[in-house]
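S.K.: here is my input, please return the structure:
(one chain, ligands or ions: 2)
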Amino acid sequence: MLEQRIQQHFIDSADLKYQAAQTLSKPIAAAVQAVLACVTSGGKVLACGNGGSAADAQHFSAEFVGRFERERPELGAIALTTDSSILTAIANDYDYQRVFSKQVRALGQAGDVLLALSTSGNSANVMAAIEAAHEREMSVVALTGRGGGKIGAMLRETDVHICVPHERTARIQEVHILALHCICDGVDAQLLGEQEPTT
Ligand SMILES: O=C(CO)[C@@H](O)[C@H](O)[C@H](O)[C@H](O)COP(=O)(O)O
Ligand SMILES: [Zn+2]
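M.R.: Ligands and ions are numbered 1, 2, ... in the order given. Reported below is the predicted structural model:
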């Protein structure tokens, strides 16, 4: 019974990935170009999200600053989810909605990219971060699900929307992390050539 349940998770996740490969390859390629243009002109990526998406923001930033699969020059990325003093001060003195937007206003510069993750597309603090990024003339790469929610409606033509066609948070997150790895791989391929990684 339990094993069957587990197998169903694998099957559902694999099915969604097969299905999403078609629809998401275009926006993911656009995200690679947006991020590449940003880092090759001295910009950086600011990444944010809640819960599992906070972990994804950190995971992506680690691979950008450290490395993905191949050696390459360090690329600028900061997860806005990690400094507990900043997060608690803003949440305590203002409200939780502003924990990312105030950091975007503090750190964001024109040409930087905001990587905004929300499976529902409706997290208020991620929406506020997008608003702040637009104010700073940054572009936005948004990873969402469930039709994109309110975030889908607030994106600009020049932003990139990777919207996973599913309703369930866990499934959407599983495709988000795949998309983030595709972005890391795509940036490396553009910078270093198409050769296959050895690790
Ligand atoms: O990882 C999970 C569920 O799989 C949770 O921690 C989940 O990320 C949290 O409930 C988030 O607060 C959901 O926010 P969002 O994806 O709707 O923006
Ligand atoms: Zn999760």
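
S.K.: now do the helices in this protein.
M.R.: Using DSSP state H, the helices of the chain run over 2-40, 52-65, 84-93, 101-107, 124-135, 149-154, 169-192.

S.K.: quickly note the distance from the residue most central in space within the chain to Phe60.
M.R.: Residue closest to the mean C-alpha point of the chain, counted by Cα atoms, centre = their mean, is Leu115 at 4.2 Å. According to Cβ to Cβ, to the nearest Å, Leu115 and Phe60 sit 6 Å apart. Bear in mind the C-beta positions are built from the backbone N, C-alpha and C, glycine included.

S.K.: check Ile11 too.
M.R.: 27 Å.

S.K.: how about Ser41?
M.R.: 19 Å.

S.K.: the more surrounded of those two?
M.R.: Phe60 (27 against 9; other Cβ atoms under 10 Å).

S.K.: mind checking pLDDT for that one?
M.R.: Confidence at Phe60, expressed as pLDDT, is 98.

S.K.: list the contacts of the residue nearest to it when sequence neighbours are not counted.
M.R.: Leaving aside its sequence neighbours, Phe60 sits nearest to Leu180 (Cβ to Cβ, 6 or more residues apart in numbering; 4.7 Å). Leu180 makes contact with 56, 59-60, 63, 143, according to Cβ atoms under 8 Å, 6 or more residues apart in numbering.

S.K.: now for these, which pair is the farthest apart?
M.R.: Glu63 and Leu143 (14.9 Å; Cβ to Cβ).

S.K.: who has more neighbours out of the two?
M.R.: Between Glu63 and Leu143, counted using other Cβ under 10 Å, the more crowded position is Leu143 (34 against 20).

S.K.: residues contacting the more buried one?
M.R.: 53, 56, 115-118, 162, 164, 176, 179-180.

S.K.: among those residues, which two are most distant?
M.R.: Leu115 and Val164 (14.9 Å).

S.K.: Lys150 and Arg5, how far apart?
M.R.: 33 Å.
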